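Novice: How does the following fold in three dimensions:
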Amino acid sequence: MSEASEPATGEQAVQAEPVNPHAEVVRRLASAMLRTAVWPGVATVVVGAIVATVLVGVPGLVGALIGGVVAFGSSLLTIWLMRFSGGMNPQFVMVVALGGYVGKMLVLLVVMTLLGGVDAIHRESLAFTMLATVMVWAGAEVVAFKRTRIPTIIPGN
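Specialist: Numbering: from 1, shown residues only. Modelled structure (predicted):
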């Protein structure tokens with residue numbers, strides 16, 4: 001048998017999967033966003049908990065901690081969705097992103113509705129800490145995006 005007709009062995013048998021450049025960029029961006037946003041997010045929850053405790057007491061602390069944890073989880077879900085959908089068709093990535101956004105807003109609404117009537121939780125502490133954490137996290141994501149230097153196509157006029 002000639003070499004051309006012999007079956008591939010060893011390294012030849014292992015075919016490298018094609019690298020999706022879009023997936024690499026999205027995952028790199030997700031990592032940068034996570035690194036940039038975690039500590040400001042934690043600091044926001046801590047500040048919210050301290051302020052709520054000083055102003056309202058234990059119900060404020062409980063509300064702020066619950067609001068911070070829910071907002072933190074919601075923000076981490078965004079990073080996970082980016083990693084999950086990074087290798088998909090870019091149009092489908094937008095569908096996942098918008099679906100994730102709607103899902104997160106529904107979860108936040110349900111949490112606020114269900115916990116709003118619980119006496120052990122100060123509703124405003126929960127709401128303000130949740131809002132502050134989501135806003136700080138989103139701002140940190142914008143900063144990370146600007147620092148990452150990802151090539152962006154800008155259509156001509």
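Novice: which strands and helices sit next to the strand or helix carrying residue 93?
Specialist: For residue 93, the enclosing helix or strand under DSSP states H and E is helix 90-115. In terms of contacts (3 or more CB pairs under 8 Å, 6 or more residues apart in numbering; DSSP states H and E), helix 90-115 is packed against helix 58-85, helix 123-148. Where C-beta positions appear, they are placed from N, C-alpha and C, glycine not excepted.
Novice: Report the inter-axis angle for the first one versus helix 90-115.
Specialist: Computed with axes from the mean of the first three to the mean of the last three CA atoms, to 10 degrees, the direction of helix 58-85 lies at 160 degrees from that of helix 90-115.
Novice: mind listing what's buried in helix 58-85?
Specialist: By neighbour count on 16 or more other CB atoms under 10 Å, the buried set for helix 58-85 is 59-68, 70-72, 74-75, 77-79, 81-85.
Novice: So for that helix, mean pLDDT?
Specialist: What helix 58-85 shows for mean pLDDT is 91.
Novice: what do you get for the last one?
Specialist: The average pLDDT within helix 123-148 is 91.
Novice: Enumerate every residue touching the closest residue to residue 54 other than its chain neighbours.
Specialist: In this structure, residue 54 finds its nearest non-sequential neighbour in residue 60, 8.0 Å apart by CB to CB, 6 or more residues apart in numbering. Taking CB atoms under 8 Å, 6 or more residues apart in numbering, we find residue 60 in contact with 51, 52, 53, 54, 122, 125.
Novice: Quick one: residues contacting the fifth one.
Specialist: Looking back up the chat, that one is residue 122. Counting by CB under 8 Å, 6+ apart, residue 122 has contacts 52, 56, 59, 60, 62, 63, 64.
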